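# Attaching a predicted model along with its sequence, questions to come.
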Amino acid sequence: MASRAAEQREEARQSAARLEAEGVRNVALTWVDNAGVARVKTVPAQRLPEAAARGVGMSPVFDVFTSDDAITESDHLGGPDGDLRLFPALDRLTALAGQPGWAWAPADRYDQLGAPHPACQRQFARRMTERAAEAGLELRMGFETEWIVTRAPEGHHPAAADAYETLDYPCAGPAYGMTRVVELSDYLRDVTEALTVQGIEVLQLHPEYAPGQFEVTTAPGDPVRAADDVVLVRETVRAISARHGLRASFAPSFVAGQVGNGCHLHLGLYREGTSLHRTPEAAWGLAPDAVSFLGGVLNALPALLAIGCPSPASYLRLQPSRWAGVYQCWGVENREAALRLITGAPDDPDGGHAEVKTFDGAANPYLAVGAVIAAGLHGIECATQLPEPQTGDPGVLGVRERARRGIVRLPATLTEATDRLEKSAPLYEAMGGVLHGAVLAVRRAEEAHFAGSEAEEIAAATRWRW
């Protein structure tokens, strides 16, 4: 342990010297709580070696913070007692292009004796990735990040968080229109440039459907890296927005009744470097393990919604016929299916993969990737099969026709999704009692807080939390 601390200290000393030569004076160490909020401790760059060797103190109570900064409790967590240590992931240490003088690193959480904190979401994602590797599977994951941008209010004072807040969109062009790119070309250029400088490979960026809405898709990587990347993408977009006098929101419902922000998860399965989505003669090109993995994810979606759609605001976004995937079905290139199989170009060996369409920007990405892997591995263990793929929009079918096809609605409320997560034995086993219990406690507290609230009130109250 002492030799490892010394190695960490020396690596951090070299990193700190490099950062200081680049003008970096402070380092932000982030973790994402169970409500999906990125929390932070910062250290001066010259203190990075000490932080890497000894960690930075924090309270375990953050595991039961809600999105509005209230504190609940679970059977294992809550109250003023205890302490944890944040250890920066030095391999992800990044100078921030949108925040001159600052660097960023995600953090893992340990107790004071050096044991992994059982509710550390980043380590949960790593455990599930390692569990997949033990089964001979490599997963490559990536996220689509959607956000809505408005002009910041005069004097940069927060606007009133109510249903009557004035929202001043900086662009007026149509959905997916080139006009929006023209109107905000300097801003969008700076976003892509900052991400590229920070080592994030941008695959595409384009206007989305809602007013002021955009989406950026980044290259896939291993699951933990993908989750790190989406945290860095969000905070970079937020920083560049601020430098342009704008505010960015990743909230699932920005204005009640309008299309919200998703954060779709893409995943590809490989064995010994070969895609399991490119199997000749197999149905849909899927190898047997890929079929079972995706079948496990599809079966677990009602419980997974409590992970990937963690706020009452999430269920304002999950409406039929809005490409949000509200029915428990899958389809080949079907954007209304909750689980979409993407075939890709026939000559692209990495083109085939799957997309979970239901998840949104309030989700903790480490919980999302870890829980999806756990569900998929359970599918392989059980040799789960996929039902027939669906075509078209299930939302336009009658109730009887959906029943005939075996298509059911996914949970329409956070309460229902949380009930399904509570009963999910595979996710309980994968997450462990401490993490599983903390997530349930936060979801129940969010439910109670917004009980009886109108849709407009929920959207307004959560608009700037993510």
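Yes, it's here.
# can you map out the strands along the stretch 351-466 of the chain?
Along the stretch 351-466 of the chain, the segments classed as strands by DSSP state E, counting those that start in this stretch run 353-356.
# ok, which stretches of it are helices?
With DSSP state H, counting those that start in this stretch as the criterion, the stretch 351-466 of the chain has helices at 365-381, 399-405, 414-422, 425-431, 433-449, 455-462.
# Let me know which of those helices is the nearest to Q319.
helix 455-462 (10.7 Å; CB to CB). Any C-beta I mention is one placed from the backbone N, CA and C, and that applies to glycine too.
# Which residues does the closest one contact?
Contact partners of helix 455-462, identified using CB atoms under 8 Å, 6 or more residues apart in numbering, comprise 67-68, 161-163, 165, 251-257, 311-313, 316, 362, 450, 453.
# quick one, it and helix 433-449 angle?
Relative orientation of helix 455-462 versus helix 433-449 (axes from the mean of the first three to the mean of the last three CA atoms, to 10 degrees): 130 degrees.
# Please work out the average pLDDT along helix 455-462.
Average pLDDT, helix 455-462: 96.
# So which bits of that helix are buried?
Neighbour counts using 16 or more other CB atoms under 10 Å place A455, E456, I458, A459, A460, A461, T462 of helix 455-462 among the buried residues.
# Go through the residues you listed and say which is closest to L96.
If you rank these by distance to L96 using CB to CB, T462 comes first, at 25.7 Å.
# Tell me how far that closest one lies from V61.
Using CB to CB, to the nearest Å, we find T462 at a distance of 21 Å from V61.
# same thing with L286?
Applying CB to CB, the value for L286 to V61 is 44 Å.
# What of A219?
Distance, A219 to V61, by CB to CB: 36 Å.
# what's the closest of the helices of the stretch 351-466 of the chain to H266?
Nearest of those to H266, taken as CB to CB: helix 365-381 at 10.7 Å.
# could you give the angle of that closest one to helix 433-449?
Calculated by the same axes, to 10 degrees, helix 365-381 forms an angle of 120 degrees with helix 433-449.
# max-length strand in this structure?
Counting residues, the longest strand found in the chain (DSSP state E) is strand 138-151.
# Compare L286 and V61 and say which is more crowded by neighbours.
Between L286 and V61, counting by other CB atoms under 10 Å, L286 is the more crowded of the two (23 against 17).
# The more buried one and H277 touch, don't they?
Yes - using CB atoms under 8 Å, L286 is in contact with H277, at 6.2 Å.
# Dump the buried residues of helix 455-462 into JSON lines; add distance to P88 as well.
Conversion of the buried residues of helix 455-462 to JSON lines gives the following (distance: CB to CB, whole Å):
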{"residue": "A455", "distance to P88": "40"}
{"residue": "E456", "distance to P88": "41"}
{"residue": "I458", "distance to P88": "35"}
{"residue": "A459", "distance to P88": "35"}
{"residue": "A460", "distance to P88": "36"}
{"residue": "A461", "distance to P88": "33"}
{"residue": "T462", "distance to P88": "29"}
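# Go through those and say which is closest to G98.
Nearest to G98 among the buried residues of helix 455-462, with distances taken as CB to CB, is T462, at 23.9 Å.
# And that closest one, how far from P153?
Separation of T462 from P153 (CB to CB) stands at 18 Å.
# What is the burial count for the closest residue to V326 other than its chain neighbours?
Spatial nearest neighbour of V326, excluding adjacent residues (CB to CB, 6 or more residues apart in numbering): L318 at 4.9 Å. Neighbour count of L318, defined by other CB under 10 Å: 26.
# ok, L318 touching A338?
No - at 9.6 Å, L318 does not count as touching A338 under the criterion of CB under 8 Å.
# anything in contact with each of the two?
Residues touching both L318 and A338 (CB under 8 Å, 6+ apart) are G325, V326, T358, L410.
# Throw those residues into CSV and include neighbour count and distance to R109, thanks.
Formatted as CSV, those follow (neighbours: other CB atoms under 10 Å; distance: CB to CB, whole Å):
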residue, neighbour count, distance to R109
G325, 28, 32
V326, 25, 34
T358, 28, 28
L410, 22, 31
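# Out of these, the closest to L421 would be?
Using CB to CB, the shared contacts of L318 and A338 come closest to L421 at L410, 12.7 Å.
# Check the spacing between the closest one and G361 real quick.
The gap separating L410 from G361 is 18 Å, by CB to CB.
# which residues are in contact with the worst-scoring helix or strand of the chain on mean pLDDT?
Within the chain, no helix or strand scores below helix 2-21, which has a mean of 85 by mean pLDDT, DSSP states H and E. Helix 2-21 is contacted by residues 27, 45-46, 48-54, 87-88, 90, 93, 95, 103 when judged by CB under 8 Å, 6+ apart.
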